[in-house]
Structures are given as C-alpha cells and as structure tokens.
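Student: show me how the following folds:
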Amino acid sequence: MPQLNTSYVFKTDVKYRDIWKIAYPIILGSIAQNLLNITDTAFLGRVGEIELGAGAIGGVYYFAIIMLGWGFGIGTQIIVARRNGEKDFPAIGRTIDHGLYFMVPLAILMFSLMKFLSDDFLFVMMKSEEVKQATSEYINWRAYGIFFAFINFLFRAFYVGLGKTKVITYTTTLMAIVNVVLDYCLIFGHFGFPEMGIAGAALASMIAESTATLFFIVYTRFVFSSKPYHLFHFKQFDPKLYFRIIRVSLPIMGQNFLSLATWLIFFLLVEKMGERQLAVSNIIRSFYFVLMMPMWGFASATSTLVSFLMGSKRDNEVISLVYKVMVLCLSGVGFMVLLGLLFPHEVVRIYTNDPALIEASLPVVYIVSLAALMLSATFIFFNAVSGTGKTLVSFLIEVITLTLYLGYIWFIIVVYQGNISTVWTSEWVYATLLGSMSFFYLKSGKWRGSVV
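Tutor: Sure thing, here's the model as predicted:
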C-alpha cells in the first residue's frame, strides 16, 4: 500500500467558509436543476408507466451525449482556475474563446447524431414497441437543447473556475421555473397549449436551457466585470492553447461520456426486465440525484480549489483541502439521506400515485441511500485527481471502474436474474472502486508538479 510522505503535507489555510462560498451557489443551482428532473419524472409518472420509462431512457441518452460538452467544460474550468491562481487573467478569456472554437462544431456533430441516428441505435437494444415510440418522440425535441447546453457549460467553466459561482444559482433557478411551468402546460395541454405528453416534457426542457443561455449572456455583458479577463475578444487563434485545452479536457470528456453511456446500458438492460422495473428505476434515478445535490457543488469546488492551489505553488496543501471538502460533502449528503429515510413513502409519492409502483420502489430507496453516502466521499477524491490536471489518470480510473461495474450489472440481470433491488446494489460497487483507486493515487503523490 503506498504511503503518503507527511513531511510534504501541510494544513491548508483554505477555510471551510471558503469552500462553502464556492460550493453553495452550485448546490442551490443543483437543487433547481433537480427540480427540473423531479418535475419531468413526476408529471410523466401521471401520464403512464410507458412514458415514465421512456423518459428515463431518453433522458439518460441525452445526458450521455451532452456529457462530452460537460467534460470539455470541466477541463476548461481546471485551466481557468489554474490561470486564476497564477494571476494570468487575460489568459482566462483566451481560454474561454478557444473553448468556443471547439464547442460549436462539437454541438453541431452531436445534434446531427442525436437527431438522425438515435432511433437506429436505440431501437436495436429495446424490447417494448410502446417504449420505443415514446423515447423517439422525446429525443426528437430534446436534441435541440444540445446547442444551448454546450454554451452554458462554457459559461459555467468561466464562473466556477474563478470561484464566482452565484450566477450558477440564478441560471439554474430560472431554468427550473421555466421548465416547471412549461411542463405543466405542454405535457397536459393547459392554458391553451397543445397536449404533447412526453414530447412536451422534452420541448419544455429545451426552452428552459435556452433561457439559461440568454441569462448568461445578459449577465456577462451588463452585470459582471469581465474586462480584466479579455473575454470574447477573439483576437488571434492560438493552436498551442487550443490543443492544450483539448489535451486536458479529452480524458474528462471520455470518462463522463462512458459513465453516462454505461448508465444508458443499465437502463436498456433493465428495460428487458419489464416496464414496471424500468418505471421504478426512473423514479430511483431522480431520487438518487436529489440525494447527491450537495455532492455536485463540493465536487466542483474540489477541482477548482485543487487547481488554484497548484497554480499558486501550494501543492502541499491539496490533501488537507480534500479532507476538508469531504467532511462538508458527507455532512450535506448525510442530511439529504436522513430526510429520505425518515419520509420514504412521501418521497416516492412525489413521482407516482400508483400504489404498486410505490411499494416496488421503497426497497431500492434504502439501497441508493447508502450508495449516496459512499459516493459523497469517493467522488471528492476522484474530482481531486482531475483537479491536479492528471485527467488521463482519472479517465483510466473511470474506465476500470465502469468495466467492472457493467460486468456486475450484466451478471445480476442476465445470469443471476435478480430483482430490481439487487440490480441497484451496483452503485455500491461503483462507489467502492472509484473511491479506492482515486484515494490511493492521491496518496502516492505522483500528481505533484503537474502542468496544464
């Protein structure tokens, strides 16, 4: 077992309140974002089990696609945080500008793939004709959101990299409000809107993402003082900078895409178990995301602060910082888990009023509650690895983890033919593998002195 040389580790002067200052606006934004997921799931749960299951497959498929843009945004965020630590502010604007050179062509490519090839790809692996049709309706409208999502990821990289995260709360809150209102109008046909069912949920989400993009643009232009950063000057294309961003971002893009693609395979395998099991899994997916709302904020804070410390030549404080973030993250997720365990019936009733679905979902609630606690600690270690700039290492950790995770799922569903509760214990496997490998790599100290 590798041992950490404690003579090179110092207690960081980054305070808990400093971590919280970066994390809490992202957590508030995550709450708003999850209201979007809860709303979609809850409304579709009132339409029918087929729509609920199709929403799960279509939603996970969409997120698997946009995770490429999310990964590029995280890589860009790491570079922005590093330049911020170095006090090289004009380089931050150039980084965002060059990120846009990459994001726009990528968005066009991913939109084309999702719009024109999705049916051929997904239908081969699906059993229910009704779920196929409903999934196709969802994807045809949801695909347009890719353009807005990718632009939002770049704005997010800029503000989170600087530690100026309050705007994340504003945009995601606005997005959630717009989505809730339009979901109600477009899914059920209220207030003179057409009754579109599952297609209405997709259209509402797409419009909500576009409002977030518009808010980012207006806020950056008229509220935030972006002049020191030379943002959107587009003076000269720098091939070295362009490929540096790609080099840092590409492994994160790969690991995020593989992570969501694996989860898509998870739902496609569950679909073969039956429409009831798929509907249960969509409910649990949304509940699981709610439990982990604090984790996303602290994970972003981890990668930002780790990169900032290394840019400030304070590598020796990284381990101390990681432990501080982990304490806060465990506390936040633990609070969410406690609420879920105290009121499990009430939580599940948010998503469905079907008594059979409620009873089938309850055992899985307890399984993912433990998984959320495990992942809240391990995900901080994993994001610390990415924050050091060693994104290829984090990619390899994810590949190994996902390979074993998918093998476990396949065994439980195909060979063992377990029930839906047993299938969801795969999240315990994922958290254990991801956390242990990330922890031992950080303890090895091989990340010290990395350059991005």
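
Student: hey, let's count contacts and neighbours off CA atoms from now on
Tutor: Noted.

Student: now do the lengthiest helix in the chain: which elements does it pack against?
Tutor: Longest helix in the chain, counting residues (DSSP state H): helix 49-86. Packed against helix 49-86 by the contact rule (3 or more CA pairs under 8 Å, 6 or more residues apart in numbering; DSSP states H and E) you find helix 16-47, helix 89-123, helix 129-142, helix 145-162, helix 239-271, helix 275-291, helix 293-311.

Student: could you dump those to a markdown table with mean neighbour count, distance to residue 417 and mean pLDDT?
Tutor: What follows is the helices and strands packed on helix 49-86, written out as a markdown table (neighbours: other CA atoms under 10 Å; distance: least, CA to CA, whole Å; pLDDT from 0 to 100):
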| stretch | mean neighbour count | distance to residue 417 | mean pLDDT |
| --- | --- | --- | --- |
| helix 16-47 | 22 | 26 | 73 |
| helix 89-123 | 18 | 23 | 87 |
| helix 129-142 | 20 | 22 | 84 |
| helix 145-162 | 24 | 36 | 92 |
| helix 239-271 | 20 | 11 | 85 |
| helix 275-291 | 23 | 13 | 84 |
| helix 293-311 | 27 | 32 | 85 |
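
Student: buried sites along stretch 194-201?
Tutor: Within stretch 194-201, the residues that count as buried by 16 or more other CA atoms under 10 Å are 196, 197, 198, 199, 200, 201.

Student: and residue 162, how far is that from residue 87?
Tutor: Distance of residue 162 to residue 87, given as CA to CA, to the nearest Å: 11 Å.

Student: for residue 438, see how far away residue 78 is.
Tutor: Separation of residue 78 from residue 438 (CA to CA): 18 Å.

Student: when the two are compared, which one has more neighbours?
Tutor: Between residue 78 and residue 438, counted using other CA atoms under 10 Å, the more crowded position is residue 78 (33 against 23).

Student: contacts only, for the more buried one.
Tutor: Residue 78 sits next to 161, 303, 304, 307, 387, 389 when contact means CA atoms under 8 Å, 6 or more residues apart in numbering.

Student: for residue 373, state which of these is nearest.
Tutor: Minimum distance to residue 373 across these is 19.8 Å, recorded for residue 303 (CA to CA).

Student: is it true that that closest one touches residue 391?
Tutor: No - under the criterion of CA atoms under 8 Å, residue 303 makes no contact with residue 391, lying 10.9 Å away.

Student: got the contact list for stretch 418-437?
Tutor: 270, 277, 281, 363-364, 367-368, 370-371, 374-375, 377-379, 381-382, 397-398, 401-402, 405, 408-409, 412-413.

Student: tell me the mean pLDDT for it?
Tutor: Taken as a whole, stretch 418-437 has a mean pLDDT of 92.

Student: and if you look at stretch 349-369?
Tutor: 87.

Student: now that stretch: how far from the chain's centre is it?
Tutor: When distances are taken as CA atoms, centre = their mean, to the nearest Å, stretch 349-369 is centred 23 Å away from the chain's centroid.

Student: correct me, but residue 296 touches residue 26?
Tutor: Yes - using CA under 8 Å, residue 296 is in contact with residue 26, at 7.3 Å.

Student: re the thing from before, mind putting the buried residues of stretch 194-201 in CSV, distance to residue 44 and pLDDT included?
Tutor: Formatted as CSV, the buried residues of stretch 194-201 follow (distance: CA to CA, whole Å; pLDDT from 0 to 100):
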residue, distance to residue 44, pLDDT
196, 11, 85
197, 8, 83
198, 7, 84
199, 10, 86
200, 10, 89
201, 8, 87
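
Student: mind putting the residues you listed into JSON lines with secondary structure and distance to residue 185?
Tutor: Converted to JSON lines, the buried residues of stretch 194-201 look like this (DSSP: H, G, I helix; E, B strand; the rest coil; distance: CA to CA, whole Å):
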{"residue": "196", "secondary structure": "coil", "distance to residue 185": "9"}
{"residue": "197", "secondary structure": "coil", "distance to residue 185": "10"}
{"residue": "198", "secondary structure": "helix", "distance to residue 185": "12"}
{"residue": "199", "secondary structure": "helix", "distance to residue 185": "12"}
{"residue": "200", "secondary structure": "helix", "distance to residue 185": "8"}
{"residue": "201", "secondary structure": "helix", "distance to residue 185": "9"}
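
Student: gap between residue 95 and residue 310?
Tutor: Applying CA to CA, the value for residue 95 to residue 310 is 18 Å.

Student: residue 226 now?
Tutor: From residue 226 to residue 310 the distance is 24 Å (CA to CA).

Student: try residue 88
Tutor: Note on residue 88: its distance to residue 310, by CA to CA, is 14 Å.

Student: I am finished for the moment; much appreciated.
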